[in-house]
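1. here is my input; please provide its structure:
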Amino acid sequence: MSLPGPRRFFFVRHGETAWNREGRLQGQHDAMLNPLGRSQAAAAGRILAAVLDGRGLRAADRAYVVSPLSRTRDTMELMRAELGPNLPAVACDDRLKEIGFGAWEGRTWEDLKRRDAAAIAERRRDTWNYVPPGGGESYAMLLDRLAPWLAGLVEDAVVVAHGGVARALLHGIAGLEPERAVREEVHQGRVLLFGDGAACWA
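-> Residues are numbered from 1 along each chain as shown. Next up is the predicted model:
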């Protein structure tokens with residue numbers, strides 16, 4: 001699936017939370033940044049400021065879009081503090097929420113492997129299309145959710161969202177094979193540049 005969208009946008013994953021540190025599946029649970037996560041968010045802002053300056057771009061000319069979950073909104077706020085004054089308002093978009101893990105949210109992979117080994121084995125066979133129990137989403141469903149958001153993003157933008165969102169976009173925009181995209185590491189405290197059918201870390 002190839003998605004339409006803007007020529008370029010700058011993507012940042014939220015900083016670390018306590019659940020990240022514990023290896024728990026967050027999904028759409030509203031976890032807060034921990035102290036390291038706040039430092040990572042500020043670092044991403046400094047990286048983005050340098051990237052924009054190196055490309056002759058003004059931070060005030062970007063659109064700023066964020067998932068509505070606290071960890072992304074706080075990351076955006078801390079990043080923007082590094083970008084200078086007179087920035088436009090931030091837009092929240094529900095479609096940027098993390099992939100839903102349903103009944104698995106709050107559990108660790110180790111616990112799931114012990115208690116629900118059959119489901120984990122099924123997921124491994126087709127991670128892109130697997131839907132976790134209890135109202136979860138597959139990556140394919142997530143990409144369908146993102147497609148209309150991306151089609152409407154007509155300006156170059158700064159986007160703060162989630163690891164699962166980045167993985168879906170790495171397939172939908174940059175063309176990574178689904179089974180590779182779902183295993184890509186999405187770094188916290190860094191900036192991922194999407195543009196011209198490709199993606200690279202700044």
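
2. now do the residue nearest the centre of the chain against residue 116, distance only.
-> By C-alpha atoms, centre = their mean, the chain has its centre lying nearest to residue 162, at 2.4 Å. Residue 162 sits 23 Å away from residue 116 when distances are taken as C-beta to C-beta, to the nearest Å. (C-beta placed from N, C-alpha, C; glycine too.)

3. excluding its backbone neighbours, what's nearest residue 83?
-> Of all residues not flanking residue 83 in the chain, residue 59 sits nearest, at 4.0 Å (C-beta to C-beta, 6 or more residues apart in numbering).

4. count the neighbours of the one you found for me.
-> Counted with other C-beta atoms under 10 Å, the neighbours of residue 59 add up to 21.

5. for this structure, what spans make up the strands?
-> Taking DSSP state E as the criterion, the chain contains strands spanning 8-13, 63-66, 90-92, 157-161, 192-195, 198-201.

6. any idea which of these is most buried?
-> The highest average neighbour count among the strands of the chain, using mean count of other C-beta atoms under 10 Å, belongs to strand 157-161 at a mean of 26.

7. relative to residue 106, how far out is residue 115?
-> Using C-beta to C-beta, one obtains 13 Å as the distance from residue 115 to residue 106.

8. those two - which one has more neighbours?
-> residue 106 (15 against 10).

9. do I have it right that the more buried one meets residue 22?
-> No - shown here, residue 106 and residue 22 do not form a contact pair, counting by C-beta atoms under 8 Å, at 9.7 Å.

10. returning to that earlier point: pull the contacting residues for the residue nearest to residue 83.
-> Under the criterion of C-beta atoms under 8 Å, 6 or more residues apart in numbering, the contact partners of residue 59 comprise 48-49, 52, 83-84, 87.

11. among those residues, which are in helices?
-> Within the contacts of residue 59, residues falling in helices by DSSP state H are 48-49, 52.

12. TSV please, covering these and showing pLDDT, neighbour count and distance to residue 169.
-> What follows is these, written out as TSV (pLDDT from 0 to 100; neighbours: other C-beta atoms under 10 Å; distance: C-beta to C-beta, whole Å):
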residue	pLDDT	neighbour count	distance to residue 169
48	98	24	17
49	98	16	23
52	96	22	20
